[in-house]
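1. please work out how this folds:
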Amino acid sequence: MGAAEVSLSAPDDESVQPYPAVQSAAFDVRAPAVQTAPVVFASPHSGRAYSPAFIAASRLDPLMLRRSEDAFVDEIFAAAPDHGAPLIRAHFPRAYVDPNRESHELDPAMFADALPDHVNSGSPRVAAGLGTVARIVASGEEIYSDLLRWSDAKRRIDNCYVPYHAALGDLVDETRRRFGVCLLVDCHSMPSVGGPMDADPGHPRSDFILGDCHATSCVAAVCDLAERSLVKLGYQVTRNDPYAGGFTTRHYGCPENSVHALQIEINRGLYMNEWTIERGPGIAPLIESVKRLIENLVAIDPALLAVP
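-> Residues are numbered from 1 along each chain as shown. Coordinates of the predicted model:
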């Protein structure tokens, strides 16, 4: 099998209005003309630029590949720049390379050649088949019919993962420099029912799950504010179960350094057909609700985020 290289571009169904932006093949940043809030929003898993080469390398059809995608999350949080906060969104699909992992969480069994010594092949994510380059989609089906080569993974990481995190890190650093503090909100969606690879197989899920790595990635005031906002809007909210936060939340969240990270998971049953990956009638009211959430998050008192 040849290298499965993505030729990335912005999504075809552009529903997010353009803002002054930083853009690359791998991601774009939708930024307000002036950032007025110490908050950064990120959508790492809504990328939908599937190249013919990647699809040809997979044993799955495009629809099956898209079931790992946090479809339309970038649209749901598109109002962030209107409220003075930048939004970074990946263009590359999660099934191709996952930016919510360490840079080199890889399964040696997926590769025809040896992996470098710095690769983390023993993480729970790798064991589950969901490393930086995933072996399976979220529903448990194997992605590839043939083995990959290390050069394939390296190309994906160098071309997609590295520039995405470089840009995200710059946003966090610049926000902290400007305001003295930073809140990173990592935006995701989840299947409405736990899947076979999840900790809650077959169990219906809350409308929203807030992950703060069990109160270590942000001060309690952040999670409390998000939960109050959503409950007031009529949603059922759970904290840290089954999602406490991924690599992004753990890596960037450092309250002792005045940088806080909160992961938000939205139940896909609220807004889309999970089998056909189509927007449902619930997406419009959900977007309005998330606008209220964004308003509340960007209005947080920076003193609550400062080092005690």
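
2. now do the strands in this structure.
-> 21-23, 27-30, 39-43, 87-90, 182-190, 208-211, 237-239, 259-267, 272-273, 278-279 (DSSP state E).

3. tell me which of those strands lies nearest to Pro81.
-> For Pro81, the closest of the strands of the chain is strand 27-30, at 5.0 Å, according to CB to CB. Glycine gets a C-beta too; all of them are placed from N, C-alpha and C.

4. what's the closest one packed up against?
-> Strand 27-30 sits against strand 21-23, strand 87-90, helix 162-179, with contacts defined as 3 or more CB pairs under 8 Å, 6 or more residues apart in numbering; DSSP states H and E.

5. what residues sit buried inside stretch 218-226?
-> For stretch 218-226, the buried set under the neighbour-count rule, 16 or more other CB atoms under 10 Å, comprises Cys218, Val219, Val222, Cys223, Leu225, Ala226.

6. might one say that the first one is in contact with Leu262?
-> Going back to what we said before, that points to Cys218. Yes. Using CB atoms under 8 Å, Cys218 is in contact with Leu262, at 5.2 Å.

7. shared neighbours, the two?
-> Leu183, Asp212, Gly253 (CB atoms under 8 Å, 6 or more residues apart in numbering).

8. number of nearby residues for the first one?
-> Spelled out, that is Leu183. When neighbours are defined as other CB atoms under 10 Å, Leu183 has 30 of them.

9. just the last one next, same as before
-> By other CB under 10 Å, 24 other residues sit near Gly253.

10. can I assume it is in contact with Cys218?
-> Yes. Gly253 sits in contact with Cys218 when judged by CB under 8 Å, with a separation of 5.7 Å.

11. next, format the buried residues of stretch 218-226 as JSON lines and append distance to Leu63 and pLDDT.
-> Converted to JSON lines, the buried residues of stretch 218-226 look like this (distance: CB to CB, whole Å; pLDDT from 0 to 100):
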{"residue": "Cys218", "distance to Leu63": "36", "pLDDT": "98"}
{"residue": "Val219", "distance to Leu63": "41", "pLDDT": "97"}
{"residue": "Val222", "distance to Leu63": "36", "pLDDT": "98"}
{"residue": "Cys223", "distance to Leu63": "35", "pLDDT": "98"}
{"residue": "Leu225", "distance to Leu63": "37", "pLDDT": "98"}
{"residue": "Ala226", "distance to Leu63": "32", "pLDDT": "98"}
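
12. which of those residues fall within helices?
-> Counting by DSSP state H, the part of these found in helices is Val222, Cys223, Leu225, Ala226.

13. ok, the residue nearest in space to the middle of the chain - contacts?
-> Nearest to the mean C-alpha position of the chain, counting by CA atoms, centre = their mean, stands Pro44 at 3.2 Å. Listed by CB under 8 Å, 6+ apart, the contact set of Pro44 reads Asp70, Arg89, Ala90, Arg94, Asp98, Pro99, Asn100, Tyr164, Asp186, His188, Thr248.

14. most surrounded residue in the residues you listed?
-> Ala90 leads those on contacts (other CB under 10 Å) with 31 neighbours.

15. hang on, that residue packs against Gly47?
-> Yes. The pair Ala90 / Gly47 is scored as a contact, 4.2 Å apart, by CB under 8 Å.

16. now do the helices in the chain.
-> Under DSSP H, the chain gives helices at 52-57, 62-66, 73-76, 124-127, 150-156, 162-179, 220-232, 247-252, 283-298.
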